[in-house]
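Visitor: give me the fold of what follows.
(chains A and B)
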There are 2 protein chains.
Amino acid sequence: MTLPNANRPNANRQVVLRARPDAGVTADLFETIEAPMPEAGPGEVLIRSIWFSVDPAMRGWIAEAANYQEPVPIGGVMQSFTVGEVMASNHPDYAVGDLVQGRQGWQQFAVSDGSNIDRKLDPRRAPISTALHVLGINGITAWAGLVDVCDPKPGETVLVTTAAGGVGSSVGQIAKIKGCRAVGITGSDDKVRMCLEEYGFDAAINYKTVPDLGKALAEACPDGIDCFFDNVGGAQFDAAMELLNPHARIAICGTISMPSFPIPNGPRVNRTLLVKRARIQGFLLFDYVDRFASIVEELTGWLADGRLKYREDVIDGIEGAPEALVRLLAGENQGKQLVRVGADP
Amino acid sequence: MTLPNANRPNANRQVVLRARPDAGVTADLFETIEAPMPEAGPGEVLIRSIWFSVDPAMRGWIAEAANYQEPVPIGGVMQSFTVGEVMASNHPDYAVGDLVQGRQGWQQFAVSDGSNIDRKLDPRRAPISTALHVLGINGITAWAGLVDVCDPKPGETVLVTTAAGGVGSSVGQIAKIKGCRAVGITGSDDKVRMCLEEYGFDAAINYKTVPDLGKALAEACPDGIDCFFDNVGGAQFDAAMELLNPHARIAICGTISMPSFPIPNGPRVNRTLLVKRARIQGFLLFDYVDRFASIVEELTGWLADGRLKYREDVIDGIEGAPEALVRLLAGENQGKQLVRVGADP
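Guide: All right, here's what the predicted structure looks like:
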């Protein structure tokens, strides 16, 4: 691997957004440009990027429609969770050589006043890239949606969609840690095998090849569904709704199978929720910021115990970031989609 | 008013179910018949009916489709919440003259082993018919969905549909007791006036005549919607979803505007729930049985304080019960729909 800017030491390569998606997300919505090398001003640090996270939520971050936050502006650096190394510091909390997980975006170098640095990393406890998935947004998201929103009880059945992905695989494993039956829906036979053999799911379904999703799901969930962690919406969501047990809890984490706008039609959930006294709740990682540290501590313990496994799907080089996002949204990644843009220290 | 069976003292008139509804509920699904006068056996009481409750949930009780419980059998007495007087007792807990709220169904006389008697009534604390609405299923339902499911905070906006009805009027008044802005949707200008003048709503909308429900709702809820107690589903539900504030809570109490089967299509809620981190939860009165006594006690206090008002819409005579149900489902009742089948003691 080449070090960043080995040939152009004063340039900062960035991936910027050129256009908003009309239909799907394509790589040509982005462009890799070279900007001047930034410098750390008073109270600031200069960070060298090592890892970029690639996440389904990015579809929303670049969309026109009102969402949780302002969209990435046209011409702006694509926002992203990142892991990097502090190269220069005028900030009392950070020293040169510190490894940090932050939100520096898809660029090789960034300055920060600390407000978009989430935490310092200790490479002796876990590989630093895990701060972007199993010990970061994916693991925290899995914990928040399953443990906090669904509150699974031993013996219950937990269903998760995109089960082999960064979030889904953690949901399944946390379900097992909590004493539940873990059932996953995923999109390839390889991913089914990953769910069963690597992550310890009790059952897993390839929704792309199964002849009748409802029937397959009913067989995989003989006692019905108590907790449902959904990342996709649409037909998989509809199939799960048919199998809810009374007092089922559904955490809406994503809607990757649904267009953002206009809102598509589907079966109305009201009567099912009423008859089953079930609950559907949307949740966002950002609402758990105050609890990140304690959640990460619990996840780190499970990782150390060997109860929480992960897989990374790495693309090398900053120019590959848009394509990595397209791959992720097409479901072609196997494990957490990352982009490696610099050498580990 | 004539006393029951004044002319046929040994007959027990009953309203039985003759057919299940294909499309809508019509009076000819029922028939009033005469059965022999029942007698209280060992451990049983004989109850004379005074009041029948008429409730939207009855549509589900007579439907074919699987629901919370077994449907009323064809040829069986229509089930109903009732208020009556104990005429004979072989049960240690009940004496002749006791007034009880139970589930004796649409019949003039019933025997009970006590298992379908919910509570004894004290006519000095409140009129006994209130045990069928504001101090009974309607008030408890309002309390459960608003206080328990939605947990409204002072200053929040609470929206309720079928706002002038037995449940809706209590929801609006409890919202005011909790320090909220209460907004109602209802189906006539008379009901709008009832909401504003009798029940103290801050705003009320006639969905049948307003040119643009979404716009009218937005004007009635200038700070958005924090709690939504829904009895109808469909277009009113959709309009409310557009105005949810972050962390909004929706209690699904009924779906009276929606066909029970097949499940109709409508806008998918997943993305709205996600973006707003909102929660939709179905709930059923029966899940609150253990808390009925304490909830009724709180409601009785509010009634005594004059903070909880009610209106009754009374049809006289057991033969009118099916028509009362049709009226209710058509939204023609003003206040709690009751059938009076016997004299107060």
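Visitor: quick one, what contacts the spatially closest residue to A:Pro38 that is not a sequence neighbour?
Guide: Of all residues not flanking A:Pro38 in the chain, A:Val111 sits nearest, at 4.7 Å (C-beta to C-beta, 6 or more residues apart in numbering or on different chains). The C-beta positions use only the backbone N, C-alpha and C, and glycine is treated the same way. Applying C-beta atoms under 8 Å, 6 or more residues apart in numbering or on different chains to A:Val111 gives the contacts A:38-41, A:44-47.
Visitor: so can I have TSV of these showing neighbour count?
Guide: Below are these laid out as TSV (neighbours: other C-beta atoms under 10 Å in any protein chain shown):
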residue	neighbour count
A:Pro38	16
A:Glu39	11
A:Ala40	21
A:Gly41	11
A:Glu44	19
A:Val45	26
A:Leu46	22
A:Ile47	30
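Visitor: so where does A:Val83 fall, helix or strand?
Guide: Taking DSSP states H and E as the criterion, A:Val83 maps to strand A:82-89.
Visitor: which other residues reach that strand?
Guide: Strand A:82-89 is contacted from outside by A:39-40, A:45-53, A:94-105, A:109-110, A:121, A:128-129, A:131-132, A:342, A:345, using C-beta under 8 Å, 6+ apart.
Visitor: state the mean pLDDT of that strand.
Guide: Strand A:82-89 shows a mean pLDDT of 98.
Visitor: please write out the alpha-carbon positions of it in CSV.
Guide: Extracted in CSV, the C-alpha atoms of strand A:82-89 (Å, rounded to 0.1, in the frame of the first residue of the first chain):
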residue,chain,number,x,y,z
THR,A,82,-13.4,7.8,10.0
VAL,A,83,-10.4,6.5,11.9
GLY,A,84,-7.2,8.5,11.7
GLU,A,85,-4.0,9.5,13.4
VAL,A,86,-3.2,12.9,14.9
MET,A,87,-0.3,14.4,12.9
ALA,A,88,-0.1,17.8,14.6
SER,A,89,-1.9,19.2,17.6
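Visitor: format the CA atom coordinates belonging to the next helix or strand after that strand as CSV.
Guide: Using DSSP H and E, the helix or strand that follows strand A:82-89 in sequence is strand A:99-102. C-alpha atoms of strand A:99-102 as CSV (Å, rounded to 0.1, in the frame of the first residue of the first chain):
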residue,chain,number,x,y,z
LEU,A,99,-5.5,7.4,17.1
VAL,A,100,-9.0,8.8,16.9
GLN,A,101,-12.4,7.8,15.6
GLY,A,102,-14.2,10.8,14.3
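Visitor: which strands and helices sit next to strand A:99-102?
Guide: strand A:45-53, strand A:82-89, strand A:117-120 (3 or more C-beta pairs under 8 Å, 6 or more residues apart in numbering or on different chains; DSSP states H and E).
Visitor: quick one: whichever helix or strand comes after the longest one to chain centroid distance?
Guide: Next helix or strand after strand A:45-53 toward the C-terminus (DSSP H and E): helix A:58-61. Taking the mean C-alpha point of helix A:58-61 and that of its whole chain, the gap between them comes to 12 Å (C-alpha atoms, centre = their mean, to the nearest Å).
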